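S.K.: Would you be able to build a 3D model of this:
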Amino acid sequence: MDLNCSSPKTIPVFSTLSNPFNTTTYDNDTSSSSDPSLPKRKPINLWPGMYHSPATTALWEARSKTFEKLLDIMTDDNAPPQSELLLKTPSQSRTSLLYNFSTDYVLREQYRDPWNDVRIGKLLEDLDALAGTISVKHCTDDECTTRPLLLVTASVDKIVLKKPISVDIDLKIVGAVIWVGKSSIEIQLEVTQTREGSDDSDWVALTANFIFVARDSKTGKAAPVNRLSPQTEKEKSLFEEADTRYKLRRNNRGANKKEIENGGINRLNALLAEGRIFCDMPALADRDSILLRDTRLENSLICQPQQRNIHGRIFGGFLMHRAFELAYSTAYAFAGLVPYFLEVDHVDFLKPVDVGDFLRLKSCVLYTERENPDHPSINIEVVAHVIRPEFRSSEVTNTFYFVFTVRPEAKATSNGVKIRKVVPGTEEEARLILERKDAKALQLGE
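M.R.: Numbering: from 1, shown residues only. Next up is the predicted model:
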């Protein structure tokens, strides 16, 4: 993403811990004004459907007027749908968040992890919140008078950590719409930090691609979104790359299962062979391997109103944060050493999660890659289920795929890194491993 093109308005992020001695209000906050002629605005922390974090608070404050109009229109059953699609440029949706970690001590403490890096789980929340704001900017008409679209996160195509993200250095997230389809939008985000001891421009520490889909807020059906007109060579290149990914996803939908059924039976049997030894002759099984089912962890929670978004559903960033924490714990328990995050391989938001839902997250190590002993990778799957005991039902709402390795300092203090091979015990597990490996190979163009 060209960060020097049409420099976006930067939204500063502040700590959310209140200071009893600080009575400063935001420039656009008239709720505490003594002038009775000014309109009263509900305090940001009392707005419905806002998940509270430093980034979401900053985004809501910066876009308060737009979101207030949207909230008003959402309650108006007579608001008309958008009659004419607009042609917008990527620069019109480009938005950035600035974290002043170097000067805001409280903010720094809110994002610090035990290794003095930025907490990845909290960053995933912020990425989803910023992507949602960008999608609203692109899909809103100029006057905000028509019925707003229901914009939901459909999937996360990829989030890749390129460099460690220090919590002591100012951080910026910049994002914009890079591609649109008929009712879907792809947004690319870049996390940058200034290189220490260098006059060079900011370097990219992380990249993320989110895909949102638009639904009519009244009918629930797919709704068309404003068109996109890339202007610069970089924007045109990003549009073409995203369009290629979209066509690849569409053409290969279900192809993995067909390949296994039609020509991959030998791969399936080979994968199952070692697992059968574990099940039938455990005393003779390879000690460097472990059954997939023996890597599982899980946790459960009741979804609370404080975790909802503007539409009253549970905020997708919150779900990603919880899934990441479980995946991290799974990698830690499996490797026996402190893990290091590499990427979010893919996330699918299959069904909405509502306030009051009983959510169960289940994780496992799907497979490991041990070709490079100094840099092994641990591929984790987390599946979210909504459980309804009163109806004796359970349905999958989200799937998350994370990749970890082992922290360098952890490897230095151990007598070598020995990551075990994960083998399936059932045909279902074997198919799941092959499908994930094939999907990853497609992403890499192999």
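S.K.: Would you mind giving the secondary structure of Leu248?
M.R.: Three-state assignment for Leu248 (DSSP: H, G, I helix; E, B strand; the rest coil): helix.
S.K.: The closest residue to it other than its chain neighbours sits in which helix or strand?
M.R.: Nearest non-adjacent residue to Leu248, counting by Cβ to Cβ, 6 or more residues apart in numbering: Leu442, 6.4 Å away. Backbone N, C-alpha and C define where each C-beta goes, glycine included. Using DSSP states H and E, Leu442 falls within helix 427-443.
S.K.: residues contacting Leu150?
M.R.: Residues counted as contacts of Leu150 (Cβ atoms under 8 Å, 6 or more residues apart in numbering) are Ala214, Arg215, Asp216, Ser217, Gly220, Ala223, His311.
S.K.: Could you rank the residues you listed by neighbour count and give me the top one?
M.R.: Tallying neighbours with other Cβ atoms under 10 Å puts Ala214 at the head of these, with 26 neighbours.
S.K.: ok but it is inside a strand, no?
M.R.: Yes: under three-state DSSP, Ala214 sits within a strand.
S.K.: My guess is it contacts Ala222. True?
M.R.: Yes: at 7.0 Å, Ala214 counts as touching Ala222 under the criterion of Cβ atoms under 8 Å.
S.K.: Common neighbours of those two, please.
M.R.: Ser183.
S.K.: ok, which stretches of this protein are helices?
M.R.: Ranges of helices within the chain are 54-62, 64-74, 90-93, 105-111, 120-139, 233-251, 255-262, 265-280, 316-335, 408-413, 427-443, based on DSSP state H.
S.K.: Dump those into JSON lines; add mean neighbour count as well.
M.R.: As requested, the helices of the chain are arranged in JSON lines below (neighbours: other Cβ atoms under 10 Å):
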{"stretch": "helix 54-62", "mean neighbour count": "22"}
{"stretch": "helix 64-74", "mean neighbour count": "16"}
{"stretch": "helix 90-93", "mean neighbour count": "22"}
{"stretch": "helix 105-111", "mean neighbour count": "16"}
{"stretch": "helix 120-139", "mean neighbour count": "24"}
{"stretch": "helix 233-251", "mean neighbour count": "15"}
{"stretch": "helix 255-262", "mean neighbour count": "14"}
{"stretch": "helix 265-280", "mean neighbour count": "14"}
{"stretch": "helix 316-335", "mean neighbour count": "23"}
{"stretch": "helix 408-413", "mean neighbour count": "13"}
{"stretch": "helix 427-443", "mean neighbour count": "17"}
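S.K.: Out of those, which gets the lowest mean score?
M.R.: Across those, helix 255-262 has the smallest mean pLDDT, namely a mean of 55.
S.K.: Show me the shaky parts of the stretch 251-400 of the chain.
M.R.: Flagging of the stretch 251-400 of the chain using pLDDT under 70 yields the residue ranges 253-263.
S.K.: those strands in it, which residues are they?
M.R.: If DSSP state E, counting those that start in this stretch is used as the criterion, the strands of the stretch 251-400 of the chain fall at 289-291, 297-302, 339-349, 358-369, 377-388, 393-406.
S.K.: May I have the phi/psi pair for Arg370?
M.R.: When quoted as degrees, to the nearest 10, the phi and psi of Arg370 stand at phi -120, psi 20.
S.K.: number of nearby residues for it?
M.R.: Around Arg370 there are 16 residues (other Cβ under 10 Å).
S.K.: Need the per-residue pLDDT for Val180.
M.R.: With respect to pLDDT, Val180 scores 96.
S.K.: Any figure for the gap between it and Pro148?
M.R.: 17 Å (Cβ to Cβ, to the nearest Å).
S.K.: sorry, back to before: what lies in contact with the helix holding Leu442?
M.R.: Helix 427-443 has contacts (Cβ under 8 Å, 6+ apart) with 158, 248, 252, 256-257, 259-260, 264, 267-268, 271-272, 275, 292-293, 345-346, 366-367, 379, 381, 401, 422, 424.
S.K.: give me that answer again for 6 Å
M.R.: Asn252, Asn256, Ile260, Leu268, Leu271, Leu272, Leu292, Leu366, Tyr367, Pro424 (Cβ atoms under 6 Å, 6 or more residues apart in numbering).
S.K.: out of these, which one sits closest to Leu171?
M.R.: Leu366 (31.0 Å; Cβ to Cβ).
S.K.: The closest one: neighbour count?
M.R.: Leu366 has 22 nearby residues by other Cβ under 10 Å.
S.K.: quick one, what contacts it?
M.R.: Asn379, Glu381, Ile433, Arg436 are the contacts of Leu366 under Cβ under 6 Å, 6+ apart.
S.K.: now the strands of the stretch 251-400 of the chain as CSV including distance to Val417?
M.R.: Formatted as CSV, the strands of the stretch 251-400 of the chain follow (distance: least, Cβ to Cβ, whole Å):
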stretch, distance to Val417
strand 289-291, 16
strand 297-302, 21
strand 339-349, 11
strand 358-369, 11
strand 377-388, 11
strand 393-406, 6
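S.K.: Which one of these lies nearest to Tyr111?
M.R.: Comparing the strands of the stretch 251-400 of the chain by Cβ to Cβ, strand 339-349 comes nearest, at 14.5 Å.
S.K.: how far off strand 393-406 does that closest one point, in degrees?
M.R.: Between strand 339-349 and strand 393-406, the angle comes out at 150 degrees (axes from the mean of the first three to the mean of the last three Cα atoms, to 10 degrees).
S.K.: and strand 339-349, how far from the chain's centre?
M.R.: 8 Å (Cα atoms, centre = their mean, to the nearest Å).
S.K.: Same check on stretch 160-171?
M.R.: Centroid displacement of stretch 160-171 relative to its chain, using Cα atoms, centre = their mean, is 17 Å.
S.K.: who touches that stretch?
M.R.: With contacts defined as Cβ under 6 Å, 6+ apart, stretch 160-171 is touched by 99-102, 108, 111-112, 116-118, 193, 204-207, 341-343.
S.K.: Could you identify the buried members of these?
M.R.: Buried by 16 or more other Cβ atoms under 10 Å: 99, 101, 108, 111-112, 117-118, 193, 205-207, 341-343, out of the contacts of stretch 160-171.
S.K.: Let me have those in a markdown table, adding distance to Pro164 as columns.
M.R.: What follows is those, written out as a markdown table (distance: Cβ to Cβ, whole Å):
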| residue | distance to Pro164 |
| --- | --- |
| Tyr99 | 15 |
| Phe101 | 14 |
| Arg108 | 16 |
| Tyr111 | 14 |
| Arg112 | 13 |
| Asp117 | 6 |
| Val118 | 9 |
| Gln193 | 9 |
| Ala205 | 7 |
| Leu206 | 10 |
| Thr207 | 15 |
| Phe341 | 10 |
| Leu342 | 11 |
| Glu343 | 14 |
